[in-house]
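> give me coordinates for this.
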Amino acid sequence: MNKQIQTNVIVNPYQQNLLSAHVVITADNAMKYRYTVAGRTIDCAFIYENNEYILNPTIPVIGLYANQENNITIECLFDDGSAQTVDVIADTTGQDYGVTPLTVDFIINDEKIARDTLYQGWMVTCYYTAYDKNGDLRMAFSNVWDNNNLKSDGTSVYPGFNVFNTSGETYAQTLQQMNLLGETRQSYQAPNACGFHHDITFGPDGNMYCLITLLENPTTEQRQQASIFKFNVTTGDVLWSRDYSAFFDNQDVCIDAQPNDIHFNSLEYSSQANQLILNNRSTSTIYGINIESGDIEWTIDNPAYSLVAESVNLQPLNPENFIYPNGEHSVFPTTNPKYAEYIADNRLALTLFNNKAALFDDGSENDKKMEDPIPNEYYEAPFDSQCMVYGIDLTEKTVELLDTFDIPGQRSNITSEIHEAGDYYSIMYGVDSNFFIIDTDNNIGVECYGVYPALTYRGRLFSYDELRNLI
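This next block holds a predicted model:
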């Protein structure tokens, strides 16, 4: 005999993710559950289950569609061994999605690449909008920062809020640890007159390293986008910090760099090196950072120009074929098996987005000094941007160019990201918000143009397993 079950559906329960819901179940027995949000096609249904008996559970649902009545089927498995299925509706009609596209168009050039990547989850942008394989919007956060990091600790994401706007940048004065429904679990406050920017990462102890900047009025003593802070993830307290302003006196920087803006823009922990991998755009330098002291232990820095830390600069193998980046972003360790030779202790492979931001036609850098203003007029050669893979040997103190990836006609002089996607890579060209998935032979498997009607700092694939872990 069927049990008496009551349901109540609350769409957007935390006033954050418009395409989420709580389904409150009232019944006499504790239950496990499994739900399915019906997809526009069968292969786009979103499925989630829990394995713990709960009395009168509040079921967290993500993956609704915009502007429609969403069918959710819930399989209830009771602690007395009985089972029952209930169907509910989560209605998203009439919501205000602002400028967020409700659909995007994925062009599939290689079915295997698409099947191994895009079809295994959603493409998520820095605005916390997400699209499934059909190009349908499945997540839409409101009131979030345009420079979100898209990093997770495995169970939470860390969007930015309380945004401070300058003429060229936006900084979040607060990060919030959240699930994908938008439920806040912890908050992290930037120091007074400072803000979060660009990136975060998590160390081996689970605590969080963040890039921190002055909000305005940088000086030679305290420059902009110049610091790393370590936060206790559980309490929100600052554990240590390091300001690198003093390393950049009179340094050569990209011609379009603001005065006294170091512009750290990516940060990632490497378990192989037990170091932080740090990058800054202005001097086009990559760093290995000690996770305890913040000391610079090595750099990749072009010796044709001023060097941030000359004594620890790595030497390129095959220097005649080596390419130094210019204005680069998203320098992250990669575990792609193609580069297995460098995936070992004291060795690492890095991917990076080489913007080729400020070059002359002959490939030399168009630079100025760190302290100088941007000229009223300057030239940047319209080279296509490229992605590169470096292999680093910390014992031999060398770096090798392992691969380059180019998508003809695509240039982004600012922002942008390359991100590992299984044995493939996703690339977001930020200026035009164009997204691609490639293999390591530079075959373009998936294309998507104009994923957001504004500059999109980054975007990457979240697998279904990752999405479920973040609920």
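> going by C-alpha atoms from here, please, whenever you check contacts or count neighbours.
Fine.
> any idea what sits nearest Q95, other than its immediate chain neighbours?
Distances taken as CA to CA, 6 or more residues apart in numbering place N67 nearest to Q95, at 6.8 Å, with adjacent residues excluded.
> the one you found - how many residues pack around it?
15 (other CA atoms under 10 Å).
> M208 and I200, how far apart?
Taking CA to CA, to the nearest Å as the measure, M208 falls 7 Å from I200.
> same deal with T117?
Applying CA to CA, the value for T117 to I200 is 24 Å.
> equivalent analysis for D432, please.
24 Å.
> settle it for me: which of those two has more neighbours?
I200 (25 against 19).
> now do the same contact list for the more buried one.
N149, K151, M208, Y209, C210, L211, S266, L267, E268 (CA atoms under 8 Å, 6 or more residues apart in numbering).
> part of a helix, is it?
No: using DSSP: H, G, I helix; E, B strand; the rest coil, the assignment for I200 is strand, not a helix.
> Three-state assignment for the closest residue to T351 other than its chain neighbours, please.
Spatially, and ignoring its direct neighbours in sequence, T351 is nearest to V389 (4.5 Å; CA to CA, 6+ apart). What three-state DSSP gives for V389 is strand.
> so V389 bridges to which residues?
Beta-bridge partners for V389, by DSSP bridges, are T351, D403.
> residues in contact with it?
A349, L350, T351, L352, L401, L402, D403, T404.
> let me have the residues you listed in TSV, extended by neighbour count and distance to R460.
TSV is the format used below for the contacts of V389 (neighbours: other CA atoms under 10 Å; distance: CA to CA, whole Å):
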residue	neighbour count	distance to R460
A349	26	19
L350	23	17
T351	26	14
L352	26	14
L401	20	24
L402	17	23
D403	15	20
T404	18	19
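> list just the nearest of these to P101.
Within those, the smallest distance to P101 is 28.2 Å, found for L352 (CA to CA).
> any idea how far that closest one is from S385?
According to CA to CA, L352 and S385 sit 11 Å apart.
> quick check, V312 in contact with D301.
No: in this structure V312 lies outside contact range of D301 using CA atoms under 8 Å: 9.8 Å.
> the more surrounded of these two?
Remark: of V312 and D301, D301 carries more neighbours, 23 against 17, as counted by other CA under 10 Å.
> quick one, what contacts that one?
For D301, the contact set (CA under 8 Å, 6+ apart) comprises S284, T285, I286, L307, V308, N313, L314, Y324.
> and if we set it to 7 Å?
Applying CA atoms under 7 Å, 6 or more residues apart in numbering to D301 gives the contacts S284, T285, I286, L307, N313.
> do the same with N280
If a contact means CA under 7 Å, 6+ apart, then N280 has I262, H263, F264, N265, I286 as its contacts.
> got phi/psi on the spatially closest residue to it that is not a sequence neighbour?
Spatially, and ignoring its direct neighbours in sequence, N280 is nearest to F264 (3.9 Å; CA to CA, 6+ apart). Main-chain dihedrals, F264, degrees, to the nearest 10: phi -60, psi 140.
> for D132, see how far away F264 is.
F264 is 32 Å from D132, by CA to CA.
> which residues touch the residue nearest to Q95?
Applying CA under 7 Å, 6+ apart, we find N67 in contact with T92, T93, G94, Q95.
> Q224 contacts I262, doesn't it?
Yes: the pair Q224 / I262 is scored as a contact, 6.0 Å apart, by CA atoms under 7 Å.
> now stretch 18-30: buried residues?
Of the residues in stretch 18-30, L18, L19, S20, A21, H22, V23, I25, T26, N29, A30 count as buried by neighbour count, 16 or more other CA atoms under 10 Å.
> I'd like those as a markdown table, with secondary structure and pLDDT appended.
What follows is the buried residues of stretch 18-30, written out as a markdown table (DSSP: H, G, I helix; E, B strand; the rest coil; pLDDT from 0 to 100):
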| residue | secondary structure | pLDDT |
| --- | --- | --- |
| L18 | coil | 98 |
| L19 | coil | 98 |
| S20 | strand | 98 |
| A21 | strand | 99 |
| H22 | strand | 98 |
| V23 | strand | 98 |
| I25 | strand | 98 |
| T26 | strand | 98 |
| N29 | coil | 97 |
| A30 | coil | 98 |
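> which SS class is L467?
helix.
> burial measure for the nearest residue to N354 once chain neighbours are set aside, as a count.
Nearest non-adjacent residue to N354, counting by CA to CA, 6+ apart: E328, 4.5 Å away. Neighbours of E328 under the rule other CA under 10 Å: 31.
> and E328, how far from L19?
E328 sits 34 Å away from L19, taking CA to CA as the criterion.
> now Q225: closest residue in space that isn't a chain neighbour?
T213 (4.2 Å).
> need the contact list for the one you found.
Contacts for T213 were tallied using CA under 7 Å, 6+ apart; they are C194, G195, F196, H197, Q224, Q225, A226, S227.
> distance of it from D153?
Distance, T213 to D153, by CA to CA: 22 Å.
> wait, D295 sits on I289?
Yes: under the criterion of CA under 7 Å, D295 makes contact with I289 at 5.6 Å.
> which one's more surrounded, these two?
Counted by other CA under 10 Å, D295 and I289 do not tie: I289 has more neighbours, with 22 against 13.
> list the contacts for the more buried one?
Q275, L276, I277, D295, I296, E297.
> which non-adjacent residue is nearest the fifth one?
Computed as CA to CA, 6+ apart, the closest residue to I296 that is not its neighbour in sequence is I289, at 4.8 Å.
> show the model's pLDDT score for the one you found.
Looking at I289, its pLDDT stands at 98.
> what is it paired to in the beta sheet?
Here I289, judged by DSSP bridges, has bridge partners L276, I296.
> around E292, how many other residues sit close by?
By other CA under 10 Å, the residues close to E292 number 11.
> apologies, that question was intended for A340.
13.
> mind pulling up the pLDDT for it?
Note on A340: pLDDT of 97.
> what separates it from R347, distance-wise?
From A340 across to R347, the span is 10 Å (CA to CA).
> tell me where the chain has helices.
Shown for the chain, the helices assigned by DSSP state H span residues 111-116, 464-469.
> give the other helices and strands that the first one contacts.
Spelled out, that is helix 111-116. Contacts defined by 3 or more CA pairs under 7 Å, 6 or more residues apart in numbering; DSSP states H and E place helix 111-116 against strand 444-448.
> strands along the stretch 1-150 of the chain, start to end?
Along the stretch 1-150 of the chain, counting by DSSP state E, counting those that start in this stretch, strands occupy 6-11, 20-26, 31-37, 46-54, 58-62, 69-78, 83-91, 106-108, 121-125, 129-131, 137-140.
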